[in-house]
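**Q** Let's see this in three dimensions:
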Amino acid sequence: MNGKLVVDMFMTLDGVMQGPGEPKEDTEGNFTLGGWQVPYLDEESGKLISEDIERIDALLLGRKTYEIFAAYWPKAPSDDPIAVTLNSVPKYVASRSLKSVEWNNSNLIHGDVPNEIERLKKEYAEVHLIGSGNFLQTLLKNELVDEFNLWVYPILLGTGKHIFADGTIPTALSLESSRIFDNGTLLLRYARTGKPTFGSMAL
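**A** Residues are numbered from 1 along each chain as shown. Next up is the predicted model:
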């Protein structure tokens, strides 16, 4: 199987992906602006988010996002389609500090992370990473991400963890689809196409 790794990310226009869901979701670095996504959620975008999550064959998470999800989704209403998917799919967690993971169908990633991710991509059609901004940098650095589903919200924060941070290397992308919502939110779907090319505008 030739599967793919898809990054699903909620981000501000200035690239901040930290703490979209609620004020105390992720306060690392004294971040006090959590919950910025909530005013922009509506039925239309919620349906698309749910449809994307229902496509997941395996979920990839860093430690912090795993702990947030594991504390919330098992307690979510049993008829919530997102909860049904996230609680049932295989989950793979990258962490140096966790000794065990208790959430249903969760597994710690051991050994060489890039090799393990490549193995997962051969085992599953769609492996999705949600949140996990610190872990994402390792994936970017090793050119393991195949597609980006970027939800870009019309808000600037000026501080917080950025999606394209220290792991970002020169990469060319192709825009596969885009959608704009009435509240100014954008859904941009990109596929990685390889290395970028460069030119010159000099006379």
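
**Q** residue ranges with poor pLDDT in the chain?
**A** Under the criterion pLDDT under 70, the flagged ranges of the chain are 1.

**Q** Let me see the ranges of the strands in it.
**A** Under the criterion DSSP state E, the chain contains strands at 4-12, 58-62, 91-94, 106-108, 126-130, 147-153, 172-180, 186-194.

**Q** Deepest-packed of the ones you listed, please.
**A** Each of the strands of the chain was scored by mean neighbour count; the highest is strand 58-62, a mean of 25, by mean count of other Cβ atoms under 10 Å. Every C-beta, even on glycine, is put in place using the N, C-alpha and C of the backbone.

**Q** who's the residue nearest the centre of the chain bridged to?
**A** With distances taken as Cα atoms, centre = their mean, the chain has residue 130 as the residue nearest its mean C-alpha position (2.8 Å). Beta bridges link residue 130 to residue 8, judged by DSSP bridges.

**Q** Also residue 190?
**A** Beta-bridge partners for residue 190, by DSSP bridges, are residue 148, residue 175.

**Q** quick one, what contacts it?
**A** 147-148, 150, 173-176 (Cβ atoms under 8 Å, 6 or more residues apart in numbering).

**Q** So which of those is the closest to residue 42?
**A** Distance to residue 42 across those (Cβ to Cβ) is lowest for residue 150, with 17.9 Å.
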